[in-house]
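>>> Sequence below, structure please.
(one chain, ligands or ions: 1)
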Amino acid sequence: MKIAFLGPQASFTQLAASQIFPEEELIPQSSILDCFNAVMNNEVEKAVVPLENSIEGTVSMTLDYLYNFDVFIETELVMPIAHHLMVHPENSVVEKIISHPQALAQTYHFRHENYPKIPSQDFNSTAAAAKLVSENPNEKWAAVANRSAAKLYGLKIIHENIQDFEQNHTKFVVISKNKEILDLPLQKTSEKTSLIITLPEDHAGGLHQVLSVFAWRKMNLSKIESRTLKTGLGNYFFLINVASEWHPVLSQNAIDELIALKANVKFLGHYNEYLFME
Ligand SMILES: O=C(O)C(=O)Cc1ccccc1
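Below you'll find the predicted structure:
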């Protein structure tokens with residue numbers, strides 16, 4: 001089976017993908033959008049993409065594509081994230097710091113204190129930045145990336161563990177066109193259902209009505225996030241996570257009631273959350 005992931009080799013997403021799919025053919029993609037497209041075009045069966053970080057929040061691109069593409073979430077893996085600053089071994093001067101925007105955000109205060117005047121530049125992944133540093137020995141660039149990337153691309157780590165908060169975790173999700181639940185031989189931490197809900201029209205209590213569908217059924221919500229619909233300021237969709245086992249009748253009734261309220265409901269999946277094994 002072919003599995004796409006946000007590459008190149010030694011990205012955080014690859015570490016997650018190899019733990020979820022140790023036996024499958026992992027195919028690197030250069031962007032999150034390419035991961036979704038690879039699934040939609042049937043080039044791969046599934047893809048692994050980052051969804052949320054405990055310091056920086058949701059990866060908004062992933063959330064937008066979950067809304068826009070007909071895919072389901074099959075599982076979620078939570079991984080601790082440690083960032084290091086690395087340079088080409090022939091270099092020690094840093095004139096620019098490059099990485100994935102989430103990694104730059106997770107190390108903002110470190111960079112502000114230690115490299116106050118040094119500009120940063122976004123790249124599609126931490127590993128893409130590390131690879132570029134290795135291919136450009138004449139440029140005084142440093143990458144923020146993980147230890148596997150330093151090793152694979154032959155870079156020298158000049159600062160270790162530069163994330164601004166010790167607790168730094170990222171959730172990765174497996175997306176596919178199938179409504180499958182992946183059962184993995186890893187430590188399972190929870191089960192949840194994800195829905196994307198769009199309210200009918202703007203009226204007082206609209207969101208309250210939607211939330212009450214879950215409340216009176218005692219369905220515990222573990223997340224609600226609003227994201228712009230891009231149809232004008234003030235228009236949002238909501239990602240809602242229901243933290244519980246799947247009760248077929250109760251859950252279907254809740255969805256039916258949401259539809260009766262004229263909300264638009266997209267079922268993203270009922271799936272397990274696992275912990276990355278170090
Ligand atoms: O850039 C990577 O290596 C990724 O896989 C995305 C990412 C970036 C920062 C923290 C976790 C995942």
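
>>> Please tell me how far N124 sits from W216.
Counting by Cβ to Cβ, to the nearest Å, the gap between N124 and W216 amounts to 44 Å. C-beta here means a position set from N, CA and C on the backbone, and glycine is covered the same way.

>>> So these two - more neighbours on which side?
Relative neighbour count places N124 above the other of N124 and W216, with 19 against 10, counting by other Cβ atoms under 10 Å.

>>> what residues are up against L207?
L207 makes contact with L199, F238, according to Cβ atoms under 8 Å, 6 or more residues apart in numbering.

>>> would you say it is within a strand?
No: going by DSSP: H, G, I helix; E, B strand; the rest coil, the assignment for L207 is helix, not a strand.

>>> Share the number of residues neighbouring the residue nearest to Y274 when sequence neighbours are not counted, please.
With Cβ to Cβ, 6 or more residues apart in numbering as the measure, L186 is the residue that lies nearest to Y274, at 4.1 Å, once sequence neighbours are left out. Close neighbours of L186, defined as other Cβ under 10 Å, add up to 16.

>>> got a pLDDT number for L186?
If you check L186, the pLDDT there is 96.

>>> what's the answer for H203, then?
What the model reports as pLDDT for H203 is 80.

>>> what's the helix or strand for it?
In this structure, H203 is located outside every helix and strand according to DSSP states H and E.

>>> what's the spacing between it and V213?
Separation of H203 from V213 (Cβ to Cβ) stands at 16 Å.

>>> now do E191
Counting by Cβ to Cβ, the gap between E191 and V213 amounts to 19 Å.

>>> Please identify which of those two sits among more neighbours.
Using other Cβ under 10 Å as the criterion, E191 and V213 rank with V213 on top: 20 against 15.

>>> dump the residue contacts of the closest residue to I224 other than its chain neighbours.
Ranked by Cβ to Cβ, 6+ apart and with sequence neighbours excluded, the top spatial neighbour of I224 is I240, at 5.2 Å. Listed by Cβ under 8 Å, 6+ apart, the contact partners of I240 are S194, L195, I196, I197, F214, L221, K223, I224.

>>> does I240 have beta-bridge partners, and which?
The bridge-partner assignment for I240, based on DSSP bridges, gives L195, I224.

>>> For V265, see how far away the nearest residue to T228 once chain neighbours are set aside is.
By the measure of Cβ to Cβ, 6+ apart, the closest residue to T228 outside its immediate chain neighbours is Y236, 6.0 Å from it. Distance from Y236 to V265, counting by Cβ to Cβ: 15 Å.

>>> Tell me the predicted confidence for the residue nearest to T228.
With respect to pLDDT, Y236 has a value of 91.

>>> Show the pLDDT at I55.
Note on I55: pLDDT of 91.

>>> contacting residues for the nearest residue to it once chain neighbours are set aside?
Computed as Cβ to Cβ, 6+ apart, the closest residue to I55 that is not its neighbour in sequence is Q106, at 4.8 Å. Contacts were defined as Cβ under 8 Å, 6+ apart; by that measure Q106 touches N53, I55, E56, I81, H83, Q163, D164, F165, N168.

>>> Which ones, among these, also lie beside the ligand?
Among the contacts of Q106, the ones lying close to the ligand by the criterion of Cβ under 6 Å from any ligand atom are N53, I81.

>>> Now, of the contacts of Q106, which are buried?
The neighbour-count criterion (16 or more other Cβ atoms under 10 Å) marks N53, I55, E56, I81, H83, Q163, D164, N168 among the contacts of Q106 as buried.

>>> Return the member of those residues nearest to S18.
Sorting the buried ones among the contacts of Q106 by distance to S18 puts I81 at the head of the list, at 15.7 Å, by Cβ to Cβ.

>>> Can you report phi and psi for the closest one?
Reported as degrees, to the nearest 10, the phi and psi values for I81 are phi -120, psi 120.

>>> before we move on, the earlier item: how far away is the residue nearest to Y274 from E52?
18 Å.

>>> Show me which residues of the stretch 1-150 of the chain sit near the ligand.
Within the stretch 1-150 of the chain, the residues that sit near the ligand (Cβ under 6 Å from any ligand atom) are 6, 11-13, 50, 53, 81, 100, 102-103, 125-127.

>>> Would you map the strands across the stretch 101-250 of the chain?
Secondary structure of the stretch 101-250 of the chain (DSSP state E, counting those that start in this stretch): strands located at 120-122, 141-145, 156-159, 169-176, 187-198, 221-228, 236-242.
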